[in-house]
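> I'll drop the sequence and a predicted model, then ask my questions.
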Amino acid sequence: MLVSATEMLKKAKAGHYAVGQFNINNLEWTKSILQTAQELNSPVILGVSEGAGKYMTGFKTVAAMVEAMIDEMGITVPVALHLDHGTYEGCYKCIKAGFSSIMFDGSHYPIEENVEKTRELVKVAHAMGLSIEAEVGAIGGEEDGVVGMGECADPDECKAIADLGIDFLAAGIGNIHGKYPANWKGLSFETLAAIQEKTGEMPLVLHGGTGIPADMIRKAIDLGVAKINVNTECQLSFAAATRKYIEEGKDEQGKGYDPRKLLAPGAAAIKETVKEKMELFGSVGKA
Ligand code: 13P
């Protein structure tokens, strides 16, 4: 059964570890992530961007697939199905489709409008038993057409949004989606500490988990981060393993072209990446 992410993140914040949000793109992604979470007895959040939702033919398909997989695969660890960087309309679609958690990304609106829209969605999400994440201070880089400049959030604005009763908060601290450029200055721990001081118990979310060095991840968790989003890193490991299979000519040996064989190395690579992240985030054995 799907659960909201509220309890798992409260427990993570209190226990000084973080739960990974791994974005899904298709059946192989979803299956690999669920298998790894179950094997490691870790809670997990499946992230779905609006682009990935569209690719999978819509949020209803995604919710039905995830619900059915949890049942058929006998998954017993807590799993949340979460809309990633949702628009206002996208949030309503996911609530209707059966997601257990949503993110409303109003970071590109003026703060007053972000507050008003978030306030409304908090009421609706909570009435339906879903958890809700909000964002202040755009995350840098580009993800599925959503482009951000990578600002550091204003701690007072973070408090204004946190006070609306959201369940967890994404605040920009110099993090970027996708690969980090060579001249990246690193996370702003000053900003993170100031946000944590203003928002207290609120679990904080670190987007752009791909490529952040392990020591920075550990420090961010120490300073109140309880959810870390990873997307690109699974895509890179999937692509590298698939390329290797084809370059070695394995698709031309016997029935190596069978999609179940062709996609197997990529799926195994995703499992390995998810395992590494769960170990680093400290969520292993915390289900
Ligand atoms: P990466 O693609 O950089 O891992 O970021 C993922 C993310 O933050 C999803 O919202």
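Yes, it's here.
> Give me the below-cutoff pLDDT ranges for the stretch 1-150 of the chain.
Applying pLDDT under 70 to the stretch 1-150 of the chain picks out residues 140-150.
> what's in contact with the helix or strand encompassing Leu81?
Assigned by DSSP states H and E, Leu81 belongs to strand 79-84. Contacts of strand 79-84 with the rest of the structure, by CB atoms under 8 Å, 6 or more residues apart in numbering, involve 2-5, 8, 21, 23, 34, 37, 43-50, 53, 59, 62-63, 66, 70, 90-91, 94, 98-103, 131, 133, 229, 231. Every residue, glycine included, has its C-beta placed from N, CA and C.
> Against which helices or strands is the very next helix or strand once past that strand packed?
Using DSSP H and E, the next helix or strand after strand 79-84 towards the C-terminus is helix 88-97. Secondary-structure packing of helix 88-97 (3 or more CB pairs under 8 Å, 6 or more residues apart in numbering; DSSP states H and E): helix 50-55, helix 59-72, strand 79-84, strand 101-104, helix 111-127.
> for those, which one sits closest to the ligand?
strand 79-84 (4.6 Å; CB to the nearest ligand atom).
> could you check the angle helix 88-97 makes with that closest one?
Angle between the axes of strand 79-84 and helix 88-97 is 160 degrees (criterion: axes from the mean of the first three to the mean of the last three CA atoms, to 10 degrees).
> The stretch 151-287 of the chain: strands as residue ranges?
Assigned strands in the stretch 151-287 of the chain, in chain order: 168-171, 204-206, 225-230 (criterion: DSSP state E, counting those that start in this stretch).
> Paired strands for the second one, with orientation please.
By that I understand strand 204-206. strand 168-171 (parallel), strand 225-230 (parallel) (DSSP bridges).
> Look at Lys185 and say how many residues are nearby.
Here the number of neighbours of Lys185 (other CB atoms under 10 Å) works out to 9.
> OK, contacts around it?
Taking CB under 8 Å, 6+ apart as the test, what Lys185 contacts is Gly174.
> and the gap between it and Ile176?
Distance, Lys185 to Ile176, using CB to CB, to the nearest Å: 10 Å.
> can you check Cys152 too?
12 Å.
> and what of Thr76?
Distance from Thr76 to Ile176, by CB to CB: 35 Å.
> Next: His126.
Look at His126 and Ile176: by CB to CB, they are 31 Å apart.
> neighbour count winner among these two?
Each of His126 and Ile176 has its neighbours counted (other CB under 10 Å); Ile176 has more, 22 against 16.
> I'd say the more buried one and Asn183 touch.
No - with contact defined as CB atoms under 8 Å, Ile176 does not count as touching Asn183 (11.5 Å).
> need the contact list for the closest residue to Ala160 other than its chain neighbours.
Distance criterion CB to CB, 6 or more residues apart in numbering; nearest residue to Ala160, sequence neighbours excluded, is Val115 at 6.0 Å. Residues near Val115 by CB under 8 Å, 6+ apart: Ala160, Ile161, Leu164.
> May I ask which of those has the most neighbours?
Ile161 (27 neighbours).
> ok, it - contacts?
So Ile161 contacts Asn114, Val115, Thr118, Ala134, Val136, Leu169 (CB under 8 Å, 6+ apart).
> From what I see, the first one and Ser107 are in contact.
The one in question is Asn114. Yes - at 6.7 Å, Asn114 and Ser107 qualify as touching, with contact defined as CB under 8 Å.
> shared neighbours, the two?
Common neighbours of Asn114 and Ser107 (CB under 8 Å, 6+ apart) are Val136.
> The ligand contacts on the stretch 101-250 of the chain?
Applying CB under 6 Å from any ligand atom, we find that the stretch 101-250 of the chain lies next to the ligand at Glu143, His177, Gly178, His207, Gly208, Gly209, Thr210, Asn229, Val230, Asn231, Thr232, Glu233.
> 8 Å instead, please
103, 139, 141, 143, 170, 175-179, 206-211, 229-233, 235 (CB under 8 Å from any ligand atom).
> hmm, back to that, what's the closest of the strands of the stretch 151-287 of the chain to Leu280?
Leu280 lies closest to strand 225-230 among the strands of the stretch 151-287 of the chain, at 8.8 Å (CB to CB).
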